[in-house]
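>>> Fold the stuff below for me.
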Amino acid sequence: MAQADPSGRGPAPVPVRVAGPARRRGGRGPFRALLAMLLTALVVGGAVPYVAGPGRAYLSYLVLADRADADGAGLAAAVARAAGGQVVQEYPQIGVVLAYAAGGFAEKVRGRPGVAAVGATRTAPVPGPPRAVDGAGDFRAAPGGADRAGGDGAAGADGASDATVPDPGERDAWNLALLGSGGGSVAGSGGAADAGPTGAGPALPGADALHRVLVAVLDSGVDDTHPDLRAAVDPKSSASCADGRPDARTGSWRPDAGVGESGHGTHVAGIVGAARDGRGVSGVAPGVRIAAVRLLGPLGQYYAENIVCGMLWAADHGARAINNSYFADPWKYNCPDDPDQAALAAAVGRAVGYARGRGAVVVASAGNDAQDLGAARPDERSPNDRTAGPPQSRHLDPGCLRLPGELPGVVTVTAVDRDGRPSAYTNHGRGRVSLAAPGGDPDGGAEGAVVSDWPDGRYAALAGTSMAAAHVTGAVAVAAALHPDWDSDRLAALLATTASAGCRPGPHVCGDREYYGAGALALPR
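Now for the predicted structure:
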C-alpha cells in the first residue's frame, strides 16, 4: 500500500522491522492479471470497488480549477465531463474534482479556460470508476444508514502476526517518558518524575479538556473495538476515503484485514490516544477523541484523492490535528516538472491549506529512507502501483516533494530512538523537518520499538517515523486542550518553542537542526 510510514515491527523474539507505509508489491502481469487481482481483493474485502467498463481501461484524475472554491469545482466538473470523463467526487472546498477517464483525458483538459492543472493519480488502469455506494460523497454526513466498515524504508506495517507482543500493561513506556524529559535518554533523564497516575507518562490536562479535542488519524483504518480505543474513536467524525469519496457508514473506518498493513492505523491511533487505564498501552493524549479516517483502499495504495478526501473530512469535522503517517502513491516524490505529479502536489497542497485554515495542525512523518530531503536523492520505487516491470530509476533534485510531509505548513517529524538519538532510518534535512519524536529502533527488538495497539485486541512493536508523527499529533491535542482558542499556527509554534527550550548544540543531540528541526518533542505545560 502506499505509504504508511510505519516502521517495522516484530514481536519480542523476532527483529522489529521499520514500518513502512502501506506499500507495494512487485510486478504482476498486464491488464488481465490486474483484473484478477482486483477481483481477488474484492472477494477478500467484501465490496466491489470498481464498475467494469466495456473493455476499457480507466485512470483516475484530479482536475483543479483556477478558483479554489465551489464555483471552481463546478467548472472543473463541467470541463471533465465535456472531455469524456466520469466525475466521481467534487471537492467544493478547494475547487477540485475526481474523474475517471480513458486515455488522452489529461491532454484534452489541460489548457482549457478556468483549469489550473490536471493529473493522473495512478499509473495502473482499472476496469472503471468506483461503484455507486449509498451515502458516499457527502462531507457533512454522520454515520447511519447502511452498514459499512475499514519503509518508508520497508514495505510498511503488513499486519504480520510476528509483530504482536503480549499485553504490556502500560509498562516501560520509554516513548512517553521521553516526552516529559525534553528529549534526553530515558536513563537518568528525569522523565519518570513527570509520570502520570499509572507511571505511563507526563502529567496531562484534565480528561474533560482533552475530550473536547478531536484529532484525525488518516491511515489504514482504526479498530474501534480495541479495548484501548473503544472510548476514543468518535463514530460521528469517522469515515472512509478509500476511493476518494467520504463514506460515513458505520464501521467504514475500520481496517480491511485483506489488505497488507491494515493494522498500521490502529497502532498509530493507540500512540495518539489509547486510554490510560493500567492495561494495554497509554496514548500521548488519553481521553482525546479520534476521528478515524481510512485512506487505504483495496489495492493497498494511498492515492492523492484519498488524501484530499480525508484532509477535507477531518477539517470539516473540527479536527485540531491531522496525523499523516504515510506517503502518497504512486510516486514516492512528486516533481514539479511532471504535469501529473505537479497537479497532485497542488491538490494535496490545497487540502492542507484548507485544513490549516480551519484550525488543524497537519502532522506528517518524514519517511524511513535515511535520505536528506534537502539534497538530490534517488527514487528506486516509483511508480509503486505498477502491475508489471521494474520501477523507474529516478535521480531527483530537492524540488521533488514527498506528499504530504514536504508541503508548506506541514509539521514534518523525524524519529529518535530510546536514547533520544536519530534513528538510523529516518529521513532528515535542514529546513525540511520540524520536530523529532520517539520512533524507535528496528534492531532493538520489542524493547527498542514503540509498542501500541493492533487490531483484534492485540499489541505490536513497530519502529518508524509513522510512530514519531503520532506522538506529535498527541502533543498537539494536549496543546489544544490547554489553549482551545489558539489557531493552528500558534499551536504548532508552541510545540516548536517547547522542543527548542531543552536543546543543546552539538552533533546528534536535539540542537542538530538537520535531524531535529526545532528540537525533540516535549509535551507543553
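>>> CA atoms for contacts and neighbours, from now on please.
Will do.
>>> Report the beta-bridge partners for the residue nearest the centre of the chain.
Here the mean C-alpha position of the chain is nearest to the C-alpha of residue 324 (Cα atoms, centre = their mean), at a distance of 2.6 Å. Per DSSP bridges, the residues bridged to residue 324 are residue 218, residue 364.
>>> you'd agree it is up against residue 220?
No. At 10.4 Å, residue 324 does not count as touching residue 220 under the criterion of Cα atoms under 8 Å.
>>> if we can go back for a sec, which ones are touching the residue nearest to the centre of the chain?
Going by Cα atoms under 8 Å, 6 or more residues apart in numbering, residue 324 touches 217-219, 362-365, 404-405, 466, 469.
>>> what does residue 383 give?
Taking Cα under 8 Å, 6+ apart, one finds 123, 329-332, 391-392 in contact with residue 383.
>>> could you show me where the helices are in the stretch 351-500 of the chain, in order?
445-448, 465-482, 488-501 (DSSP state H, counting those that start in this stretch).
>>> most packed of those?
helix 465-482 (a mean of 31; mean count of other Cα atoms under 10 Å).
>>> packing partners for that helix?
Counting contacts by 3 or more Cα pairs under 8 Å, 6 or more residues apart in numbering; DSSP states H and E, helix 465-482 is packed against helix 207-211, strand 214-219, helix 264-273, strand 321-324, strand 361-365, strand 411-416, strand 435-438, helix 488-501.
>>> Apply 6 Å and report the result again.
helix 264-273, strand 361-365, strand 411-416 (3 or more Cα pairs under 6 Å, 6 or more residues apart in numbering; DSSP states H and E).
>>> Tell me where the model's unsure across the stretch 151-300 of the chain.
By pLDDT under 70, the low-scoring segments of the stretch 151-300 of the chain are 151-163, 181-203.
>>> Could you give the bridge partners of residue 378?
Beta-bridge partners, per DSSP bridges, of residue 378: residue 395.
>>> any idea how far it lies from residue 397?
The gap separating residue 378 from residue 397 is 9 Å, by Cα to Cα, to the nearest Å.
>>> Just to be sure, residue 313 is in a helix?
Yes. Assessed with DSSP: H, G, I helix; E, B strand; the rest coil, residue 313 lies in a helix.
>>> Adding pLDDT, write the contacts of residue 383 out as JSON lines.
JSON lines is the format used below for these (pLDDT from 0 to 100):
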{"residue": "123", "pLDDT": "95"}
{"residue": "329", "pLDDT": "96"}
{"residue": "330", "pLDDT": "97"}
{"residue": "331", "pLDDT": "96"}
{"residue": "332", "pLDDT": "95"}
{"residue": "391", "pLDDT": "83"}
{"residue": "392", "pLDDT": "86"}
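>>> Looking at these, which two lie furthest apart in space?
329 and 392 (14.1 Å; Cα to Cα).
>>> In terms of packing, which of those two has more residues around it?
The neighbour comparison of residue 329 against residue 392 (other Cα atoms under 10 Å) goes to residue 329, with 30 against 12.
>>> Dig out what the more buried one forms beta bridges with.
Beta-bridge partners of residue 329, as defined by DSSP bridges: residue 303.
>>> Roughly how far does it sit from residue 107?
22 Å.
>>> Next: residue 425.
Taken as Cα to Cα, the span from residue 425 to residue 107 is 40 Å.
>>> Looking at the two, which one has more neighbours?
Ranked by neighbour count (other Cα under 10 Å), residue 425 and residue 107 place residue 425 first, with 27 against 12.
>>> can I assume that one is in contact with residue 368?
Yes. At 5.0 Å, residue 425 and residue 368 qualify as touching, with contact defined as Cα atoms under 6 Å.
>>> Mutual contacts of the two, please.
When Cα atoms under 6 Å, 6 or more residues apart in numbering defines a contact, no residue borders residue 425 and residue 368 alike.
>>> per-residue confidence at residue 387?
On the pLDDT scale, residue 387 is placed at 85.
>>> So what's the residue count around residue 505?
10.
>>> excluding its backbone neighbours, what's nearest it?
Nearest non-adjacent residue to residue 505, counting by Cα to Cα, 6 or more residues apart in numbering: residue 511, 4.4 Å away.
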